[in-house]
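> A structural model of the following input is requested.
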Amino acid sequence: MNGKGDDHESKHILVLPSEQFQPPDSHLAGMFQLHQARILRELGYQVGVISIAQQYSIPMLVKAIVLRAFGRQHSRVEDSSLPNLIRLFWNKMFQLQRFVREDMIDGLPVIRIDGFYYWPPHPARNHVGWIKAGLIAFERYRQQYGLPDLVHAHNCDAAGLLAREIKVKHGIPYVITEHSSYLHRGLIPPSLYPALSNSIRDADAMLVVSPTLKSTMKAKLGDVADIAEYLPNVIDPQIESISLAVNQPSPPPIKFLAIGDLIPLKGHANLISAFAKAFHKSTDAILAIAGDGPEQENLKRLIQEFGLNQQVTLLGRISRDLVISELDSCHCLVLPSQFETFGVVLIEALSRGKPVIATQCGGPQSVVTDQAGILVPVNDVTALAKALNQIHSELDRFDSVVIRESVIDRFGKKAFSASIEEVYQRVFQKKQLPTHA
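Numbers count the residues shown, from 1 in each chain. The predicted model follows:
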């Protein structure tokens, strides 16, 4: 350890995601937090993570027990004997600490817990069981690694709520980074707004990944959101560290690429329609879409209807290594979403020197510049088709080296490190807290 990092060797940051952190069945979950945690560790901080899941509710387990008593099985509860189901119910109700386990991800200690919903899952009350499980996991974390000097919660619901509880109990300051689209999409019930507002008001710093997200929070939660500061997401350090390919792909054909879950929010149907309008039966433009989800069959149908089978390919979900490979082999990335709080795939593509097309759906307005791409209105297929044609005809005007250098200056590891350092040091100085042993 050297340089600036020496000043932080004894400072301890607990990262608290609202989603699971790198669970075995989804290494995309918690990816943004992993990127940031790696950077914090490089800066010399001690970093750990708590990862909280929820499984089962009282009515579900009671029904499973009754069904098993009559020789039947609940479709959503693991097959088990009646005594084991009764034991599971008891432990979920009264011995939740039995569901805590320790893990290590990329050298980061992770305390995981499989919590309990108690009532049937509902957005208005899921946080109750989540916070209870989180407090139990925090106790195990404290026993294993000591009290952190600062908790960094990702999203108010529910990590910010838990961070506030930890502060009340232990006096540990906390920072919240909000990057969820749930408020904008109406997925958080208004009954939770007062609790979320309190978590923001009591936070020692409140960060948002785009100015548009701050506006959304202010519209939903009121003036309490005024304290929020803009601190954007960071480029995946792995992607940033890879030099540009010496031999960039030579057209034709021009390859357009989209990466994202196949859900209506991501706007892939509009992209396929726009591509058909711009390049139907053309031999010098192709489109690849990476991701999976419930829209897959609908997208296949659209591709068939437009006669694009030879031009449009659905790649399915791809690995991180393949993401980099696809970015390097394309000429332009397209993000046709209806809403994005930021749009990390944009800065990943730009860091590979690729121009981008994105909708004016929130986050992209703070990312895409004229020298790096084109912004179009949301759900405007004609404007999107025009942008595709424009990239196709003006590809030579985009300088891959300039695009890469500009995005790294704004969203690279160095920029993020300086910003998060300033926030953390301000919190430490304000509270004048000694480092916990």
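> distance of the spatially most central residue of the chain from Arg301?
The centre of the chain sits closest to Phe32, judged by C-alpha atoms, centre = their mean, with a distance of 5.4 Å. Going from Phe32 to Arg301 by C-beta to C-beta, to the nearest Å gives 33 Å. C-betas here are computed from N, CA, C, even on glycine.
> what do you get for Lys430?
56 Å.
> Arg98 - how many residues pack around it?
Arg98: 15 surrounding residues under other C-beta atoms under 10 Å.
> for the remainder of this discussion, apply numbering that starts at 27.
All right, first residue 27 from here; so that's Arg124.
> so it is in contact with Asn117, correct?
Yes - in this structure, Arg124 is within contact of Asn117 by C-beta atoms under 8 Å, at 5.0 Å.
> stretch 369-388 spans what distance, first to last residue?
Taking C-alpha to C-alpha, to the nearest Å, stretch 369-388 runs 9 Å from one end to the other.
> again with stretch 223-239
Separation of the first and last residues of stretch 223-239 by C-alpha to C-alpha is 15 Å.
> what helix or strand is Leu401 on?
In this assignment (DSSP states H and E), Leu401 forms part of strand 399-402.
> please apply the same query to Arg190.
Using DSSP H and E, Arg190 falls in helix 187-196.
> that helix - contacts with which helices or strands?
Applying 3 or more C-beta pairs under 8 Å, 6 or more residues apart in numbering; DSSP states H and E, we find helix 187-196 packed against helix 152-171, strand 176-180, strand 200-204, helix 219-227.
> which secondary structure elements does the second one contact?
Read it as strand 176-180. Other elements packing on strand 176-180 under the criterion 3+ C-beta pairs under 8 Å, 6+ apart are strand 38-43, helix 187-196, strand 200-204, helix 439-457.
> ditto for the longest one
The elements that helix 152-171 packs onto, with contact taken as 3+ C-beta pairs under 8 Å, 6+ apart, are strand 38-43, strand 72-80, strand 126-131, strand 134-141, helix 187-196.
> look up phi and psi at the residue of the chain most remote from its centre.
Ranked by distance from the centre of the chain (C-alpha atoms, centre = their mean), the top residue is Phe96, with 43.6 Å. Per-residue torsions, Phe96: phi -100, psi 20 (degrees, to the nearest 10).
> how many neighbours does Asp132 have?
By the criterion of other C-beta under 10 Å, Asp132 has 10 neighbours.
> my guess is it contacts Gln59, does it?
No - using C-beta under 8 Å, Asp132 is not in contact with Gln59, being 11.4 Å away.
> in the stretch 27-176 of the chain, where is pLDDT below threshold?
Scanning the stretch 27-176 of the chain for pLDDT under 70 picks out 27-35.
> direction included, what does the helix or strand encompassing Ile312 pair up with?
Element membership of Ile312, judged by DSSP H and E, is strand 311-316. Strand 311-316 has the following strand partners under DSSP bridges: strand 280-285 (parallel), strand 338-342 (parallel).
> contacts for the shortest one, please.
Think strand 338-342. 288, 298, 301, 312-318, 322, 325-326, 329, 352 (C-beta atoms under 8 Å, 6 or more residues apart in numbering).
> out of those, the closest to Lys440 would be?
Nearest to Lys440 among those: Glu352, at 26.0 Å, using C-beta to C-beta.
> so what's the closest one up against?
Contacts for Glu352 (C-beta under 8 Å, 6+ apart) come out as Leu283, Ile285, Ala314, Ala316, Leu341, Ile344.
> for the fifth one, report the pLDDT, please.
So that's Leu341. Model confidence at Leu341, given as pLDDT, is 96.
> for it, grab the count of nearby residues.
Counted with other C-beta under 10 Å, Leu341 comes out at 15.
> so Ile198 sits right up against Arg168, yeah?
No - taking contacts as C-beta under 8 Å, Ile198 lies outside contact range of Arg168: 9.9 Å.
> more neighbours: those two, which one.
Neighbour tally, Ile198 and Arg168, criterion other C-beta under 10 Å: the higher count belongs to Ile198, 22 against 17.
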